[in-house]
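Peer 1: All I have is the shape, not the residue letters:
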């Protein structure tokens, strides 16, 4: 078993749009905004909402990203769980669910918002089931599915880093546009820059144990 904490590059990336929800989800950031790293805690770490006013309607789509450096790890993964310290500051029900998806490496560029996409707005694989985010802050466990385990295993085998994105399960990944004045997702996220490791994003990996066969030869025994 091994516990690996996310690297200091974990971050949130936002996009807002006055056009529609699809545009807010899009791969490019707006006004040159790139990833925001260095936060300890952010109350809009995941945010999916539509607000209307005299100036028009604005669509908000925020995501958080984490990278787990698995350079020193080895072995074949049996199971793995990513734990992130969260608090639900929005609505519950479907809007209160979060999910982890595979992501590509972050590079402080203007395309980081779309690193959960394999191309255009086509999502990478989801790597966990949806998790209900509690209105009481604390660790939330995302048990990785076979795609998630394969994602980590690939990073281990290549001595690399596994990147994941945390998004609204219903509105963002599920493609249900939030309506103005309606239900929305808003999750506070704690990042690696938080003091110590008591609230840091982490992955807990359990490896397959290979049984050792004892082939010792006994001499002088009477059979």
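Peer 2: Received it, and whenever you're ready, just let me know what you need. Because the structure is a prediction, the values reported are computed rather than measured.

Peer 1: What residues of the longest helix anywhere in the chain count as buried?
Peer 2: If you go by DSSP state H, the chain has its longest helix at helix 146-157. For helix 146-157, the neighbour count (16 or more other Cβ atoms under 10 Å) marks 148-149, 151-153, 155-156 as buried. From N, CA and C alone the C-beta is placed, and that goes for glycine too.

Peer 1: And for stretch 38-54?
Peer 2: Neighbour-count burial for stretch 38-54 [16+ other Cβ under 10 Å]: 39, 42, 44-50.

Peer 1: before we move on, what about stretch 165-180?
Peer 2: Neighbour-count burial for stretch 165-180 [16+ other Cβ under 10 Å]: 165-173, 176, 178.

Peer 1: By mean pLDDT, flag the weakest helix or strand of this structure.
Peer 2: Ranking every helix and strand in the chain by mean pLDDT, DSSP states H and E puts strand 36-37 at the bottom, with a mean of 81.

Peer 1: re earlier: now the longest helix of the chain: how far from the chain's centre is it?
Peer 2: 14 Å (Cα atoms, centre = their mean, to the nearest Å).

Peer 1: Tell me where the model's unsure across the protein.
Peer 2: Residues of the chain meeting the criterion pLDDT under 70: 28-34, 107-111, 210-223.

Peer 1: can you give me the strands in it?
Peer 2: 2-5, 11-17, 36-37, 41-53, 56-69, 77-88, 97-103, 117-119, 122-123, 131-132, 138-143, 161-168, 185-190, 202-207 (DSSP state E).

Peer 1: residues in contact with residue 116?
Peer 2: Residue 116 sits next to 63, 101-103, 123-124, 165, 167 when contact means Cβ atoms under 8 Å, 6 or more residues apart in numbering.

Peer 1: try 6 Å
Peer 2: Residues near residue 116 by Cβ atoms under 6 Å, 6 or more residues apart in numbering: 101, 103, 124, 165.

Peer 1: what's the distance between the residue nearest to residue 51 when sequence neighbours are not counted and residue 19?
Peer 2: Nearest in space to residue 51, with sequence neighbours left out and distances taken as Cβ to Cβ, 6 or more residues apart in numbering, is residue 58 at 5.4 Å. Distance of residue 58 to residue 19, computed by Cβ to Cβ, to the nearest Å: 10 Å.

Peer 1: So which of those two has more stuff around it?
Peer 2: Between residue 58 and residue 19, counted using other Cβ atoms under 10 Å, residue 58 has the larger neighbour count: 16 against 12.

Peer 1: these two touch, right, the more buried one and residue 49?
Peer 2: No. With contact defined as Cβ atoms under 6 Å, residue 58 does not reach residue 49; the gap is 8.8 Å.

Peer 1: before we move on, the earlier item: so which of the strands of the chain comes closest to residue 27?
Peer 2: strand 117-119 (5.5 Å; Cβ to Cβ).

Peer 1: Show me what the closest one is packed against.
Peer 2: Taking 3 or more Cβ pairs under 6 Å, 6 or more residues apart in numbering; DSSP states H and E as contact, there are no helices or strands that strand 117-119 lies on.

Peer 1: residues making contact with it?
Peer 2: Applying Cβ under 6 Å, 6+ apart, the external contacts of strand 117-119 come out as 27, 124.

Peer 1: Which strands border it, and is each parallel or antiparallel?
Peer 2: strand 122-123 (antiparallel) (DSSP bridges).

Peer 1: From the chain's centroid, how far away is the strand it pairs with?
Peer 2: 15 Å.
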